[in-house]
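1. Here is my input; please provide its structure:
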Amino acid sequence: MELNSRTLEFDPLNQTTIREIQVRHYADNAELIAEEAYPIMINIYFKAEIELLLQTAGFVDIAVIGSLEERPAQPWQDERIVFTARKDNQE
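-> Got it, this is the predicted structure:
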């Protein structure tokens, strides 16, 4: 089985990207027996936007960590960042 992806479109104004996910399935003799490709639209959010959304929804103690490790997120190093927060019960 082979999995590939590529960017088809990037729209910086609307902060979206369209990626194509392609899967190829091979038989034991390396013969291609099935192939599928699907587009997926992804919305892009900046860190400050997500923090503002969380604050507006009533969350406090917002923290951003790198990947799933208990350390600050590092620009250009972490492919993913994780937001942690708790709901403020004072509302």
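
2. quick one: buried residues of the host helix or strand of residue 50?
-> Residue 50 is part of helix 47-56, with elements assigned from DSSP states H and E. Neighbour-count burial for helix 47-56, counted by 16 or more other C-beta atoms under 10 Å, picks out 51, 54. In short, each C-beta sits where N, CA and C put it, glycine included.

3. what do you get for stretch 56-67?
-> Neighbour-count burial for stretch 56-67 [16+ other C-beta under 10 Å]: 59, 66.

4. my read: residue 20 touches residue 36, true?
-> No. Using C-beta atoms under 8 Å, residue 20 makes no contact with residue 36, being 10.7 Å away.

5. any idea how this protein splits into domains?
-> Domain ranges of the chain: 2-43, 47-87, per automatic domain parsing.

6. how about CSV for the ones you listed, with mean pLDDT added?
-> Formatted as CSV, the domains of the chain follow (pLDDT from 0 to 100):
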stretch, mean pLDDT
domain 2-43, 95
domain 47-87, 92
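
7. on that earlier part again, other SSEs contacting the helix holding residue 50?
-> strand 59-66, strand 81-87 (3 or more C-beta pairs under 8 Å, 6 or more residues apart in numbering; DSSP states H and E).

8. Nearest to residue 42, out of the ones you listed?
-> strand 81-87 (15.1 Å; C-beta to C-beta).

9. how about the helix holding residue 50 as CSV, C-alpha atoms only?
-> C-alpha atoms of helix 47-56 as CSV (Å, rounded to 0.1, in the frame of the first residue of the first chain):
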residue,chain,number,x,y,z
LYS,A,47,-2.2,30.5,17.0
ALA,A,48,-3.6,33.9,18.0
GLU,A,49,-6.9,33.2,16.3
ILE,A,50,-7.4,29.9,18.2
GLU,A,51,-6.5,31.5,21.5
LEU,A,52,-9.0,34.3,20.9
LEU,A,53,-11.7,31.7,20.0
LEU,A,54,-11.0,29.8,23.2
GLN,A,55,-11.1,33.0,25.3
THR,A,56,-14.3,34.2,23.6
